[in-house]
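J.: Coordinates only, no sequence provided:
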């Protein structure tokens, strides 16, 4: 385990509490400062944690104690905040997606390369025991050579529970860019990078009604596709069928299934760190669960930041920006294919992230 890394957080919205809880229990990352447009919200968010300064974004960027800026702003602001952190000479770790567009994400990575700093990105749920146990099963040849996969996310929309859901329905949001990073990052972790996509998309309603909080009953406009489907062709030749929807009410389909020549595998919800991995071999009756065999045990959001911070210089972090850039490229290309009706070649690629041994989250290995 390396030296303790000091973290400054920009954005203290709904997701920040989960990060703060994880950072508080991990020994080699320490929260030192937070910033938010609403300073009262920032003060309330860090009230349980002693010694955390509440400052402006400019003050946080200028703070010499901050080694890594954790960017928890809305997707449309990811690039702006990341570029400020990079200009200040700091590493930056973003919530997903890496940016609202591939062009913005490209500017981030180019600026980071020029400045000699690193960029990492969520989701880190793929580092948990669910996806990592499935990864080990595939790598160990339990289902033979993978040939196909399915990935399905179906929900009637986050406006039912989120008090400020506007960003889900503007560019940078929608079911694909909001939930797709979990699924596509998991698929790349399991099956490797994607080379071609073909997609289709639709938009069921022009407005959504907020279902909770002080804005309950308020209608917000929808400016993105809310049902996206398509096929991803992996470099390995595996074909993944993907469905991401804020229009469907419910589904009984597994979140992810991987089918090989000798068996099939059910992968747990990639929006969770844990969950049962099920396998059914050729000639077997039904499914049986695999024991946890890989991944960070009892992990929470922020373990990817710790893994990123622990990665030695010169090595590629499991949550490296190149992976997030490729995932964003796949998603943007899928939408471009949906609108053009033609298959789109993915110009980016990335290394399949290194697997995680079965370890407690406190032992992030970098």
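T.: Nice, I can see it. These figures come from a predicted structure and were not determined experimentally. Numbering: from 1, shown residues only.
J.: which ones are touching residue 154?
T.: 243, 245, 248, 249, 250, 251, 253 (CB atoms under 8 Å, 6 or more residues apart in numbering). Placement of C-beta: from N, CA and C, glycine included.
J.: Buried among these? Make that a PyMOL selection.
T.: Restricted to buried positions by 16 or more other CB atoms under 10 Å, the PyMOL selection for the contacts of residue 154 reads:
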select buried, resi 243+245+248
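J.: and the most centrally placed residue in the chain, helix, strand or coil?
T.: Nearest residue to the geometric centre of the chain (CA atoms, centre = their mean): residue 123, 2.4 Å. Of the three states, residue 123 takes coil according to DSSP: H, G, I helix; E, B strand; the rest coil.
J.: Mind putting the contacts of residue 154 into CSV with distance to residue 317, pLDDT and secondary structure?
T.: Shown next, in CSV, are the contacts of residue 154 (distance: CB to CB, whole Å; pLDDT from 0 to 100; DSSP: H, G, I helix; E, B strand; the rest coil):
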residue, distance to residue 317, pLDDT, secondary structure
243, 30, 98, strand
245, 31, 98, strand
248, 35, 95, coil
249, 38, 95, coil
250, 36, 95, coil
251, 33, 96, coil
253, 32, 96, coil
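J.: how much space between the residue located most distally from the centre of the chain and residue 262?
T.: Taking CA atoms, centre = their mean, the residue of the chain most remote from its mean C-alpha position is residue 283, at 35.9 Å. Separation of residue 283 from residue 262 (CB to CB, to the nearest Å) stands at 9 Å.
J.: ranges for the strands of the stretch 201-350 of the chain?
T.: Along the stretch 201-350 of the chain, counting by DSSP state E, counting those that start in this stretch, strands occupy 207-209, 219-221, 227-234, 239-245, 256-260, 263-267, 277-281, 288-290, 296-297, 344-345.
J.: Phi and psi next, for the residue farthest from the centre of the chain.
T.: Main-chain dihedrals, residue 283, degrees, to the nearest 10: phi 90, psi -10.
J.: So what's the residue count around residue 110?
T.: 11 (other CB atoms under 10 Å).
J.: Name the SS class of it, please.
T.: Under three-state DSSP, residue 110 comes out as helix.
J.: List the buried residues in the lengthiest helix in the chain.
T.: Selection of the longest helix in the chain by residue count, based on DSSP state H, yields helix 321-340. By neighbour count on 16+ other CB under 10 Å, the buried set for helix 321-340 is 321-335, 337-338.
J.: and the gap between residue 149 and residue 337?
T.: For residue 149 relative to residue 337 (CB to CB), the value is 18 Å.
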